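Participant: Whatever this is, show me its structure:
(one chain, ligands or ions: 1)
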Amino acid sequence: MTVHQSTPSRRIATSDDLEVSAYLEIAKEKEGQGSQRPEETPKVSEGVVIIDFGSQYSHLIARRIRELNVYSEVVPHTSAWEDVQAMNPKGVILSGGPASVYDEGAPLAPGWVYQKKMPVLGICYGMQVLAHQLGGRVTPSTKREYGHAVLHQNVTDSALFQGMDVSMPVWMSHGDQIQSLPPGFSALAYTDNSPIAVMAGFDNVFGLQFHPEVAHTPQGKGILENFLYRICGCQSRWTVDNFVHSAIQKVRDQVGDGKVICALSGGVDSAVTATLIHRAIGNQLTCIFVNNGLLRREEAERVQRTFQQNLSMNLLYMDVSQRFLERLVGVVDPEQKRKVIGEEFIRVFEDAATELSDADFLAQGTLYPDVIESQTSENQASATIKTHHNVGGLPKDMNLKLVEPLRYLFKDEIRGVASALGLPEEIVMRQPFPGPGLAIRCLGEVTPEKLEILRACDWIVMDEIKGADLYRHLWQTFAVLTDARSVGVMGDFRTYGYAVAVRAVSSEDAMTADWARLPYDVLARISSRIVNEVPEVNRVVYDITSKPPGTIEWE
Ligand code: XMP
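Facilitator: Okay, the predicted model is just below:
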C-alpha cells in the first residue's frame, strides 16, 4: 500500500478544466470570505414536525415543506416532545400510513400533539387518527378510493383553501373513511366517495383525506403553503444560505479544537461535507481519498487537484489499487464483490489508523433519506437487494465521534448548498458514482485489462453526453462492460469482441428510475466511437430497463 501526502499532480488538460478553474476562482474567493466569521449568523428558528405513520409519501411531505422554505423533519410516531422541541415546532403534520385506526395496536399520535394546542394537519391516515383520538368515528368505506377524485368545498372562507378553486382535482389512496366527525369539527369539503374529505376544528386542526404532497394534487402545494403561513404563522425562511451559516456554527460548536477526518469520494455529498467543515475549522480537518483502482479515468487526479490544490485542504491520498485488485481476483458474484470491497476499505483505514491517530471526529456525508431509512427499517424486515456501502464505513474500534452536517438534507438541497459554498460546477452537478466503483459495472471477474476497456468506453459515453449538454439533466450515465462477446465484422475481418451496454437514467432519488430517451444521434455517436476507438469492443447495446424491475447499476 502506498500512503503518502499527495504532491501536486500532473495537470491533465481537459475541456472541463477551463470551466472548473473559473469556478474554483470563485470558490477561493468565497473561501476567503467565509473564513471571516459572519457578525450575525442567521439561524433556523422554527420548523414543522411530520409524524410518520409509515406512508410511502412521508418524505415527500418534508420535501414540499422545505420547498416552501420552512424547515421540517420526519419523526417516528413514538417521538416524545423532548425529541422534537429543539426544532421549535410551529405545527404538526400527521402523515398517511397503511394501518387502520380501529386495528389493535394501530399507531396513534403522541399526547403532546394535542396538549400543545398547536396547529395540526392530518393527511389521509393522519386525518383518521385525528378523528379517532378526538372522539369521531372511522369505518371501512364501502367503496375504496384510489387515484384521481374531484374535491368540492362546502365553504368558501377557510384559511386552508384561501386562493384555491372551489372544485379541484385531488389524489386519494384510502380504504377507511370518517363516519362521524369529532365534537367541535365540521366538514369543509367532499368528493363523490368521501362525504367528509376535509374536516376542521378548534380553528387550527385540519384533516385531509387526500394527499396534498403528491404532484397529482395540483393545488396541494398551495394548501400546504396556507397551512404553514396562514395557520401555523411560520416566519423564518429556511434557505440554503441560512443552512450554511448555521451548519458552520454547529460544526464549530461540536468540534471545538478537536481534529476531524473525512473520507472523500469525489462526489457531491462528501465534497459538501468536507467544504462545510473546512469552512468551520480549517486545518483541523484532514480529508482522506482512497484510490481503490476502481475509479474512472483521471478521477484520482481531479479529486486531488480540486481539494488539495484549489481548496487548500489537508489531503491524505492513499493509492491502494493493487491490494483491491488482488482481493478481487477470481471473484465473480456481485454480492461477493461488494463484500470484498467493503471489507478492504475497512482494512485500508485500519492500516492508516496510525497516521490518523489524533483524530477525534469522523465526518460523514449522511443524507436525510439514509436517516429516515434507518429509522423506518428498524422494525421492518426488508429483502436485501444490494449491500450498498459508502467509503465512510470506518472500523468501529477507531472510536471516533460522528460529524454529519448534511444529516437533514435531501439530495437536491445538497446541490444548492454546494453552489452556495462556491464549489465547482463539476462537483455540484456530478452524477452519483457508487462506492464499489467500476467493479459493479465490470461484469464477471474484475481484471486490470477489463477495467481499462471499461474506462475507455465510460470516457466516450461521458464525453458525448456532456457534448450534447445532457449530463446535468440525467441522474446517471455510464457504460457497463458485459461479460458477453459477440461476432462482428470490421473491414474484411471477423471480430470477436466484448458487448458494452450504455445506461442512462432519469431519477429523483434513485429509489425509482426510468431509462432516458436519449436522442438517436447521441446514441449513434457513442456507439460508433466506442467500436472505433476501443478495439476490444465490437458491439454496443442500450439498456432500456427501468427501476423497478431493474436496478440502476448492473450488479
Ligand atoms: P441501484 O443499482 O441499487 O443503485 O439502483 C441506486 C443508486 O445507488 C448507487 N449505488 C451505490 N452507492 N455505494 C454507494 O455509495 C454502493 O455500494 C452503491 N451501489 C449502488 C447507484 O449508483 C445508484 O445511484
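Participant: any chance you could map the strands in the stretch 251-400 of the chain?
Facilitator: Remark: strands assigned in the stretch 251-400 of the chain by DSSP state E, counting those that start in this stretch are 260-264, 285-291, 314-319, 361-363.
Participant: What ranges in the stretch 1-150 of the chain fall below the confidence cut-off?
Facilitator: Applying pLDDT under 70 to the stretch 1-150 of the chain flags the ranges 1-44.
Participant: Look up how far Leu121 lies from the residue of it found nearest the ligand.
Facilitator: As assessed by CB to the nearest ligand atom, the ligand sits closest to His59 within the stretch 1-150 of the chain, at 15.8 Å. Bear in mind the C-beta positions are built from the backbone N, C-alpha and C, glycine included. Note on His59: its distance to Leu121, by CB to CB, to the nearest Å, is 16 Å.
Participant: What strand or helix carries Met168?
Facilitator: Met168 is part of strand 167-180 when elements are defined by DSSP states H and E.
Participant: Which neighbours in the sheet does the helix or strand following that strand have, and how are they oriented?
Facilitator: Per DSSP H and E, the first helix or strand lying C-terminal to strand 167-180 is strand 185-190. Using DSSP bridges, the strands paired with strand 185-190 are strand 137-153 (antiparallel), strand 198-201 (antiparallel).
Participant: Return the set of buried residues in the strand holding Met168.
Facilitator: 168, 170-174, 176-178 (16 or more other CB atoms under 10 Å).
Participant: Tell me the strands beside that strand, with direction?
Facilitator: strand 137-153 (antiparallel).
Participant: Tell me how far the strand it pairs with lies from the chain's centre.
Facilitator: 33 Å (CA atoms, centre = their mean, to the nearest Å).
Participant: what does stretch 141-158 give?
Facilitator: 33 Å.
Participant: List the residues that contact the spatially most central residue of the chain.
Facilitator: Closest to where the C-alpha atoms of the chain average out (CA atoms, centre = their mean) is Lys411, at 3.7 Å. Taking CB atoms under 8 Å, 6 or more residues apart in numbering, we find Lys411 in contact with 367, 369, 509.
Participant: got a pLDDT number for it?
Facilitator: Looking at Lys411, its pLDDT stands at 83.
Participant: Tell me where the stretch 251-400 of the chain has helices.
Facilitator: 268-281, 299-304, 321-327, 334-352, 368-377 (DSSP state H, counting those that start in this stretch).
Participant: For the following helix or strand past the last one, name the packing helices and strands.
Facilitator: In this case it means helix 368-377. Elements were assigned by DSSP H and E; along the chain past helix 368-377, the next helix or strand is strand 401-403. For strand 401-403, the packing partners by 3 or more CB pairs under 8 Å, 6 or more residues apart in numbering; DSSP states H and E come out as helix 240-255, strand 361-363.
Participant: please redo it, this time with the cut-off set to 6 Å
Facilitator: strand 361-363 (3 or more CB pairs under 6 Å, 6 or more residues apart in numbering; DSSP states H and E).
Participant: Which secondary structure elements does the strand it packs on sit against?
Facilitator: Using 3+ CB pairs under 6 Å, 6+ apart as the test, strand 361-363 ends up in contact with strand 260-264, strand 401-403.
Participant: Any part of the longest one near the ligand?
Facilitator: No. Remark: strand 260-264 sits outside contact range of the ligand, by CB under 6 Å from any ligand atom, the gap being at least 11.3 Å.
Participant: Let's have the buried residues of strand 167-180 in a markdown table, adding distance to Ile223 and pLDDT.
Facilitator: Formatted as a markdown table, the buried residues of strand 167-180 follow (distance: CB to CB, whole Å; pLDDT from 0 to 100):
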| residue | distance to Ile223 | pLDDT |
| --- | --- | --- |
| Met168 | 9 | 97 |
| Val170 | 9 | 96 |
| Trp171 | 12 | 93 |
| Met172 | 14 | 91 |
| Ser173 | 16 | 86 |
| His174 | 17 | 84 |
| Asp176 | 21 | 92 |
| Gln177 | 19 | 90 |
| Ile178 | 18 | 94 |
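Participant: List just the nearest of the residues you listed to Phe307.
Facilitator: For the buried residues of strand 167-180, the residue nearest Phe307 by CB to CB is Trp171; the value is 44.5 Å.
Participant: how much space is there between that closest one and the ligand?
Facilitator: 26 Å (CB to the nearest ligand atom, to the nearest Å).
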